[in-house]
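Peer 1: any chance you can model this:
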Amino acid sequence: MRKYHPVLTGFTLVLFSLSAQAQTPDSAKRFFQHGQKSFAAGNLEVAFEDYSRAIEISSRLDSRKTAPADLLNAANSVDHVTVIDPFTANAYASRGVVRYQQHYLDDAMADFNSAIRISPRLAEAYLGRGVIYRVRGNLESAGADFDKAISIDPRLAEAYTDRADVRIEKGDLDGALADLDRALKMKPEVAETHSLLGYVRLLKNENDSAITNFNRAVELDPRLASAYHGRGTARMKRGEIEGAIADFTRALELNPDLPNTYLNRGLALMLLGKDVEAQKDFERCVALEPSLKVELNNRIEKVKQLRANK
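Peer 2: Residues are numbered from 1 along each chain as shown. Sure thing, here's the model as predicted:
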C-alpha cells in the first residue's frame, strides 16, 4: 500500500549523542561529530568519509592480516578489523544511514550488520537494518528487527512507526494504530507518522479523519509528497475531484517518480472529462511501474462505467 520510503529521515541526528567509551580516541570523536554535522547539512560524501575515519581510528587491523594500502577500505568490513571500542558500532550504524540515503542498500546492510556484530544491543542498528528489509519487501525480517529494536529500547519512536508500516502491509490495521499511537505520544511532531496514520484511516474508510491526519502532516512538513498523495486520495473518495487533482499535482512537483500518483491523478482527470491529460498521466505511470498496467486498465474501465451511468 505504502509507496514511499520507511522512516529513516534524520536518523543519524537522533541516534547518537556520542556517548563514546573512555578509550575512544579524541580524533575518532571529532570525525564522528563532523560526520553528524555533514549529514545534517546534506553533504553525504563528506559524512561517509568522516564516519569511515572514525571507524578506522576506533579499531585496529588484525595483525595476522596484511595491512591494505587503503585503511578506509579496511574499515568497510568488520571482518578485517579487531574492534577495541564499542563506539565503532555507532560509527558503522551512522555510516549505514548515509549509505541508505545514497541508495547503496547492500553497503548499508553490511554496515548495520557490522554494528550489530560489534554491539548486539544497539537498537538503532536493528531499526536501520529493518528499514532495508522493508524496502526490499521482506516483511518478516523487517518486523523481527523492529521488534528487536523495541525490546532493547521501548522509547525508540521510529521503530513503532516502521513496525506499523509492516503491520499495515499484513492487514493488521489495529496493531498499526496501536504502534502509531505509541510513536506519536513519544514524538508528536513527526510528519511521516501523521501521514502513515492517514493511510490507516484511508484503509478503514475513515476519509474525514484521514484528511485531518494528512493536514497535520503537511503542516509539519510542507514537502512531504506522501501526505499530499494521501490527502488527494481521500479527497477523491469524497468526490472532491479538483481538490484531489491539486494535491496529486503538488505531490508530483515534490517527487515526479510516484507511479500511483500519476495513476490517481489520471483517473481524477478522466472524471472531469479531460481524457487527453489523463492519458499522459497513465503513460507516465506505466513507464515508471509496468506492473501497474493491469490495475490501471481495470480502474479506467470503472471510471468509464461511472461516466456512462451519469
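
Peer 1: phi, psi for residue 293 please.
Peer 2: Backbone dihedrals for residue 293, given as degrees, to the nearest 10, come out at phi -60, psi -40.

Peer 1: pretty sure it sits against residue 287.
Peer 2: No. Applying C-beta atoms under 8 Å, one finds residue 293 not in contact with residue 287, separated by 10.3 Å. (Each C-beta comes from the backbone N, C-alpha and C, glycine too.)

Peer 1: just the strands in this protein please.
Peer 2: Along the chain, counting by DSSP state E, strands occupy 59-61, 81-83.

Peer 1: lowest-pLDDT helix or strand in this protein?
Peer 2: helix 11-15 (a mean of 40; mean pLDDT, DSSP states H and E).

Peer 1: contact partners for the residue nearest to residue 50 when sequence neighbours are not counted?
Peer 2: Leaving aside its sequence neighbours, residue 50 sits nearest to residue 35 (C-beta to C-beta, 6 or more residues apart in numbering; 3.3 Å). Going by C-beta atoms under 8 Å, 6 or more residues apart in numbering, residue 35 touches 12, 46-48, 50-51, 54, 91, 94-95, 98.

Peer 1: go through those residues and say which is closest to residue 209.
Peer 2: Residue 209 lies nearest to residue 12 out of the contacts of residue 35, by C-beta to C-beta, at 33.1 Å.

Peer 1: returning to what we had before: from the contacts of residue 35, which one has the minimum pLDDT?
Peer 2: Within those, the minimum per-residue pLDDT falls on residue 12 (38).

Peer 1: and residue 67, what pLDDT?
Peer 2: At residue 67, the model reports a pLDDT of 41.

Peer 1: check the one 4 residues further on too.
Peer 2: Taken from the predicted model, the pLDDT recorded for residue 71 is 40.

Peer 1: same thing with residue 61?
Peer 2: In this model, residue 61 is scored at 41, pLDDT.

Peer 1: and residue 310, by the same measure?
Peer 2: Confidence score, pLDDT, at residue 310: 73.

Peer 1: so it versus residue 31, what's the distance?
Peer 2: Residue 310 sits 66 Å away from residue 31, going by C-beta to C-beta, to the nearest Å.

Peer 1: of the two, which one has the most company?
Peer 2: residue 31 (21 against 5; other C-beta atoms under 10 Å).

Peer 1: quick one: residue 34 from residue 224, how far?
Peer 2: Distance, residue 34 to residue 224, by C-beta to C-beta: 29 Å.

Peer 1: between the two, who's got more neighbours?
Peer 2: residue 224 (22 against 17).
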